[in-house]
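Novice: After the sequence you'll find the predicted model.
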Amino acid sequence: MSKIQIENNAVNQRIRFDPLIVGSNVRDWFLLLKPRVISLVVFTGIVGIILAPGYANPFISLISIICICLASGGAGAINMWYDQDIDRVMNRTITRPLPSGRVQSSDALIYGVTVSIISVILMFLATNFFASFILAFSIFYYSVIYTVWLKRSTPQNIVIGGAAGAFPPLIGWISVTGQIQLFPIILFLIVFFWTPPHFWSLSLYACKDYGRAGIPMLPVVKGARHTRWQIFIYTILLAIVSLLPVYFHFTHSVYMVAALILNVGFMFMSICVLLEKQDHSGKSLRSDKAARWSFRFSLIYLFFLFLALIIDHYIYDLWGV
Ligand code: HEM
Ligand SMILES: CC(C)=CCC/C(C)=C/CC/C(C)=C/COP(=O)(O)OP(=O)(O)O
């Protein structure tokens with residue numbers, strides 16, 4: 001039996017014995033929204049709301065947060081609808097509601113589009129036109145520009161497509177102030193430069209999956225060695241961008257210390273990824289352990305960096321320490 005056959009059998013076994021497959025309707029509709037990704041996306045949006053100057057009505061802020069949740073989820077469902085053909089060939093995604101046949105294709109599309117439209121209308125009614133426009137644009141960016149166009153056509157898909165996930169802090173800020181300022185643009189840039197090391201770490205160990213699905217992710221097209229260098233370069237760029245709030249005096253020492261520690265941690269991870277032993281084809285000899293850690297650390301990095309922004313804000317700007 002070939003290696004691919006063995007892998008496919010393992011996947012089939014997993015589908016057959018997955019206890020969640022029968023009678024899991026509500027859970028499937030929930031999973032279509034990519035809830036775990038939403039949690040961090042929404043957190044960055046909440047930080048945008050908290051940092052924005054002026055009075056943020058708690059009820060309106062709650063609606064804005066729900067709107068970012070729905071927009072990100074709706075776009076995620078459209079992404080899963082469009083990608084069901086490739087999700088069917090990848091081990092990581094084969095148990096998702098669409099490839100496993102638990103949700104009908106057209107139902108998923110209607111669901112994704114409806115949830116997205118509701119989010120934009122609700123944002124417009126609760127806040128302002130500008131915030132709802134950027135929200136609509138970010139849904140379009142993720143579900144059409146990234147998913148339909150970039151993902152299958154260029155190894156730079158993540159770099160350009162990364163902008164989709166960087167909008168939420170900007171949207172949160174605009175929902176309060178109605179305008180764009182330098183600080184939320186820096187928050188946008190932080191998530192933008194964070195996305196390549198976040199995703200490419202994962203793509204290093206999910207490379208076979210993407211190769212089988214014919215998706216031109218960086219390690220598939222340019223090899224692991226090139227991807228490891230790119231992760232390293234983007235981690236340096238991220239470190240620089242993450243210190244811009246300190247440079248422009250938007251934040252104080254709490255954020256500065258947190259950012260320095262987190263950047264040292266991420267640099268260390270990316271150096272481990274870079275140094276992980278490879279053979280001459282650039283393939284890792286140690287099952288990409290460092291890349292797995294780097295992916296996990298990317299999530300820790302973004303969460304604590306944005307948490308530090310809030311703590312710094314409360315300590316210095318609100319309590320006047
Ligand atoms: C275009 C940009 C991005 C790409 C291509 C990307 C890609 C991915 C992929 C492929 C996964 C694995 C998902 C899975 O196994 O189901 C993942 C996980 C994750 N991503 Fe991203 N990501 C992007 C942006 C973001 C952003 C902006 C955030 C949050 C601010 C984020 C947060 C997360 C989280 C929290 C997980 C872990 C989910 C879990 O534990 O299952 N990602 N990302
Ligand atoms: C407000 C708003 C619309 C926010 C969007 C947030 C956003 C773009 C998040 C990106 C999240 C993500 C999991 C991308 C996965 O890429 P993929 O689809 O290539 O991954 P997959 O292979 O796991 O499906």
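Specialist: Alright, I've got the coordinates. Numbering: from 1, shown residues only. Ligands and ions are numbered 1, 2, ... in the order given.
Novice: you'd agree residue 135 is up against residue 70?
Specialist: No - using C-beta atoms under 8 Å, residue 135 and residue 70 do not qualify as a contacting pair, with a distance of 9.3 Å. In short, each C-beta sits where N, CA and C put it, glycine included.
Novice: out of these two, which sits in the more crowded spot?
Specialist: Taking other C-beta atoms under 10 Å, residue 135 and residue 70 do not tie; residue 135 has more neighbours (31 against 24).
Novice: Need the overlap of contacts for residue 135 and residue 70.
Specialist: residue 119 (C-beta atoms under 8 Å, 6 or more residues apart in numbering).
Novice: Would you confirm that residue 154 contacts residue 216?
Specialist: Yes - using C-beta under 8 Å, residue 154 is in contact with residue 216, at 6.4 Å.
Novice: so when I look at residue 152, I'm seeing a strand, right?
Specialist: No - assigned with DSSP: H, G, I helix; E, B strand; the rest coil, residue 152 falls outside any strand and is coil.
Novice: For the closest residue to it other than its chain neighbours, give me its contacts.
Specialist: Nearest non-adjacent residue to residue 152, counting by C-beta to C-beta, 6 or more residues apart in numbering: residue 215, 6.1 Å away. Residues near residue 215 by C-beta under 8 Å, 6+ apart: 86, 151, 152.
Novice: quick one: which of those is nearest to residue 111?
Specialist: In terms of C-beta to C-beta, no member of the contacts of residue 215 lies closer to residue 111 than residue 86, at 19.7 Å.
Novice: quick one: secondary structure of the closest one?
Specialist: Residue 86 - assigned by three-state DSSP - is helix.
Novice: how near is it to residue 55?
Specialist: 46 Å (C-beta to C-beta, to the nearest Å).
Novice: Which one's more surrounded, the two?
Specialist: Between residue 86 and residue 55, counting by other C-beta under 10 Å, residue 86 is the more crowded of the two (18 against 8).
Novice: Pretty sure the more buried one sits against residue 214.
Specialist: Yes - using C-beta under 8 Å, residue 86 is in contact with residue 214, at 7.5 Å.
Novice: Correct me if wrong: residue 47 contacts residue 187.
Specialist: Yes - using C-beta under 8 Å as the test, residue 47 is close enough to residue 187 to be in contact (7.2 Å).
Novice: Can you pull the phi/psi pair for residue 90?
Specialist: Main-chain torsions, residue 90, degrees, to the nearest 10: phi -100, psi 130.
Novice: Nearest to ligand 1: which residue in this structure?
Specialist: Using C-beta to the nearest ligand atom, the closest approach of the chain to ligand 1 is made by residue 165 at 2.4 Å.
Novice: what packs against the strand or helix carrying residue 39?
Specialist: Using DSSP states H and E, the element containing residue 39 is helix 35-51. Applying 3 or more C-beta pairs under 8 Å, 6 or more residues apart in numbering; DSSP states H and E, we find helix 35-51 packed against helix 58-82, helix 163-177, helix 182-205, helix 289-312.
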